[in-house]
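*Asks:* Fold the following and give me the result.
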Amino acid sequence: RWDIRHPLTAYCATSRPKTLLLIAVDGRAPGVSVGMTPWELGELMVRLDCREALRLDGGGSTGLTVGPRLKTLPPEGFPDGRPIGNALGVFKAPKPR
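*Replies:* Numbers count the residues shown, from 1 in each chain. Predicted coordinates for the structure are as follows:
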């Protein structure tokens, strides 16, 4: 449904060269984060100047890690993060020799 707030995840390519945004919206944590509706996420994509955007899986599958550290709130019942079957990884390419 488009009117219920949940944790959400999205990809955004902006008009700035070589600029990619990965967005993870926490939610379901009263007093901390209530999440977003898909409509609100779309409005955020417009404000962030996304030229190409894709909403990815959300809810308990929303998570953002940098290196080994979980940067989002862990989902209910999984204090160390929820096991998931797929992920989108972004890696820095090695410098050419």
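*Asks:* residues near Ala53, how many?
*Replies:* Counted with other CB atoms under 10 Å, residues neighbouring Ala53 total 18. C-beta: built from backbone N, CA, C; applies to glycine.
*Asks:* right, and it touches Thr14 too?
*Replies:* No: judged on CB atoms under 8 Å, Ala53 makes no contact with Thr14 at a distance of 9.4 Å.
*Asks:* ok, the spatially most central residue of the chain - contacts?
*Replies:* Centroid check for the chain by CA atoms, centre = their mean gives Ala24 as the closest residue, at 2.3 Å. Ala24 sits next to 7-9, 62-64, 71-72 when contact means CB atoms under 8 Å, 6 or more residues apart in numbering.
*Asks:* which one of those residues sits closest to Gly85?
*Replies:* Distance to Gly85 across those (CB to CB) is lowest for Gly63, with 12.6 Å.
*Asks:* picking up where we left off before, buried sites along the helix or strand harbouring the residue nearest to the centre of the chain?
*Replies:* Element membership for Ala24 (DSSP states H and E) is strand 20-25. Buried residues in strand 20-25, counted by 16 or more other CB atoms under 10 Å: 23-25.
*Asks:* Adding pLDDT as columns, could you present these in CSV?
*Replies:* Converted to CSV, these look like this (pLDDT from 0 to 100):
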residue, pLDDT
Ile23, 95
Ala24, 95
Val25, 95
